[in-house]
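Visitor: predicted model, plus sequence, below.
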Amino acid sequence: MDGRTQQDDVPRERFSTLCAAMLRIGGSLDVGTVLQEVVDGARALTRARYGMIATVDERVHPHDFITSGLTAEEHRQLADWTDGPRLFEHLRGLPSPVKIEDAPKYLRSLGYAHRLFDAKVFLGMPMHHRDVHVGSFFLAAEEGGTRFSDEDEEILKLFALQAAAAVTNARTYRDERRARADLEALVETSPIGVVVFDANTGIPVSYNRETERIVGALSDPNEPTEQLLDMVTFRRADGREIALDEFPIAGQLGTGETVRAEEIVLSVPDGRSVAALINA
């Protein structure tokens with residue numbers, strides 16, 4: 001009975017460790033931190049001696065290299081190994097998962113003289129997210145150490161999926177921030193006045209310097225530009241006049257109507273006015 005209980009405790013312990021690792025992975029938005037948690041967690045669960053993640057960028061060029069179980073000097077040597085990217089590319093082309101029982105012999109057969117430390121057995125898995133290759137994940141064991149099981153392969157597959165998702169999410173977030181920054185820079189430097197309204201409230205949420213210049217003739221220097229909305233009247237080309245404090249401009253132009261280069265007049269109660277062309 002005691003032997004069976006001990007055997008039952010092993011998968012239960014691994015499951016608990018797996019859950020804890022998944023929680024740590026989900027607790028950070030930094031891709032470097034996530035990848036380190038992933039490779040540390042996979043190595044611990046499979047009792048591997050080493051773990052490595054090599055990511056590639058959108059052009060399939062080497063990008064991040066994260067290791068676990070290596071000393072700083074071993075990490076540097078492997079990261080600087082000129083044949084490393086070529087080896088990873090070769091392994092990526094093999095059927096997945098890649099299991100190599102005698103890594104030194106296999107490397108010699110490929111013409112590589114580099115000895116990958118004390119690694120004897122390799123287990124590798126490509127990292128894909130929605131059919132896009134983002135890197136490779138490897139675990140290694142010393143001679144006489146761990147022999148990777150089918151369960152270890154499933155664990156590596158799970159962590160490889162987590163790593164691929166982290167890389168993809170980080171790239172998506174980076175691209176969105178870059179696109180937003182480019183758009184903001186374009187709008188801010190545009191010679192055309194641009195105002196962005198909240199579609200639900202009709203309240204302007206941002207405007208550029210050219211807009212400030214256009215409405216500068218209507219505003220009081222001692223009052224914020226936003227306060228101008230409480231007093232300005234908006235007259236369209238067909239003669240309709242709209243008080244913006246009663247009918248927000250975004251609501252008037254957000255009815256599905258397309259406006260192209262319509263001349264409008266913005267005026268305030270003391271008679272000052274400014275003409276402009278509007279697109280919406």
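Guide: Received it, and whenever you're ready, just let me know what you need. Residues are numbered from 1 along each chain as shown.
Visitor: need the helices for the stretch 101-250 of the chain, in chain order.
Guide: Counting by DSSP state H, counting those that start in this stretch, the stretch 101-250 of the chain forms helices over residues 103-109, 150-189, 209-215, 249-253, given from the N-terminal end onward.
Visitor: using TSV, lay out these together with mean pLDDT, distance to A42 and mean neighbour count.
Guide: For every residue, glycine as well, the C-beta is placed using N, CA and C. As requested, the helices of the stretch 101-250 of the chain are exported to TSV (pLDDT from 0 to 100; distance: least, Cβ to Cβ, whole Å; neighbours: other Cβ atoms under 10 Å):
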stretch	mean pLDDT	distance to A42	mean neighbour count
helix 103-109	87	18	14
helix 150-189	88	4	16
helix 209-215	81	52	16
helix 249-253	54	51	18
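Visitor: need those in JSON lines (columns: distance to G32).
Guide: As requested, those are arranged in JSON lines below (distance: least, Cβ to Cβ, whole Å):
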{"stretch": "helix 103-109", "distance to G32": "27"}
{"stretch": "helix 150-189", "distance to G32": "9"}
{"stretch": "helix 209-215", "distance to G32": "37"}
{"stretch": "helix 249-253", "distance to G32": "41"}
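Visitor: for M231, which of those is the nearest?
Guide: If you check each of those against M231 by Cβ to Cβ, helix 209-215 wins as the nearest, at 11.5 Å.
Visitor: give me the contact list for that closest one.
Guide: For helix 209-215, the surrounding residues in contact (Cβ atoms under 8 Å, 6 or more residues apart in numbering) are 188, 190-195, 225, 228, 232, 266, 274, 276.
Visitor: now list the buried members of these.
Guide: For the contacts of helix 209-215, burial is judged from neighbour counts taken by 16 or more other Cβ atoms under 10 Å, and it is met by 193, 195, 228, 232, 266.
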